[in-house]
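here is a sequence together with a model predicted from it:
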Amino acid sequence: MIEELDMHLLDLVQNARGAGATTIDLSVICDDRRDRMTLRVADDGRGMDPETLEAVRHGFFSSKSPRSVGLGIPLLRESAEHCDGRFEIVSAPGRGTTVEATFRMSHVDRPPFGDLAATVLALVVTSEGRRVRITIRCEGRSLEIDTAEISEILGDLPLQHPEVLRFLKAYIAERIGARTGGER
């Protein structure tokens, strides 16, 4: 079971990678005034036809591997709706997929982020030639990062280089905190 929001984000990005996405946009945006937090992952992957999309919504469907159970999206939907939010998934063949889940931030059952900084770092350094754009504006934290811009600055130096990893880890921790485990 996925119990932390960063793991939902990781699952959605894994889905995008599996769908052949070359660009993945991930955002976590909080609106304190409206008491809302929105998680959104959009990709330019293969997309899904209506039948596949319906199967994904209901669960126990996965194109990843025979061992995948395909519950990530239904669990995210259930969690968002349980926390007075909403869930939407939009997809079409050749047009990619967008998943958006909104939560009432102050809901007592809203899952914690988990280690959001470590998840962001992992998504950046494992982008593997994909463009991953991440925007986080939540709980007084703010981060905008684009792997294409970072790669352009680095030139031939890989994202996995120890000095690059050290810099990225410190930069991400400075912008959104080293661990956001139980904070709300």
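Nice, thanks for sending it over.

could you name the helices and strands sitting against the lowest-mean-pLDDT helix or strand in the chain?
Every helix and strand of the chain was ranked by mean pLDDT, DSSP states H and E. The lowest is helix 50-58, at a mean of 85. Counting contacts by 3 or more C-beta pairs under 8 Å, 6 or more residues apart in numbering; DSSP states H and E, helix 50-58 packs against helix 72-82, strand 86-92. The C-beta positions use only the backbone N, C-alpha and C, and glycine is treated the same way.

include distance to Cys138 and mean pLDDT when you put those into CSV, please.
Conversion of these to CSV gives the following (distance: least, C-beta to C-beta, whole Å; pLDDT from 0 to 100):
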stretch, distance to Cys138, mean pLDDT
helix 72-82, 15, 93
strand 86-92, 18, 96
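
follow-up on the earlier one: CA atoms only for the least confident helix or strand of the chain, dumped as CSV, please.
What follows is helix 50-58, C-alpha atoms only, in CSV (Å, rounded to 0.1, in the frame of the first residue of the first chain):
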residue,chain,number,x,y,z
PRO,A,50,-10.8,4.6,-23.4
GLU,A,51,-10.9,0.9,-22.5
THR,A,52,-7.4,1.0,-21.0
LEU,A,53,-8.1,4.2,-19.1
GLU,A,54,-11.2,2.6,-17.6
ALA,A,55,-9.3,-0.5,-16.5
VAL,A,56,-6.6,1.7,-14.9
ARG,A,57,-9.2,3.7,-13.0
HIS,A,58,-10.6,0.5,-11.4
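
can you give me the buried ones in that helix?
Residues of helix 50-58 classed as buried: 53, 55-56 (neighbour count, 16 or more other C-beta atoms under 10 Å).

again with stretch 159-170
159, 164, 168-169.

and what of stretch 84-95?
For stretch 84-95, by 16+ other C-beta under 10 Å, it's 84-85, 87, 89, 91.
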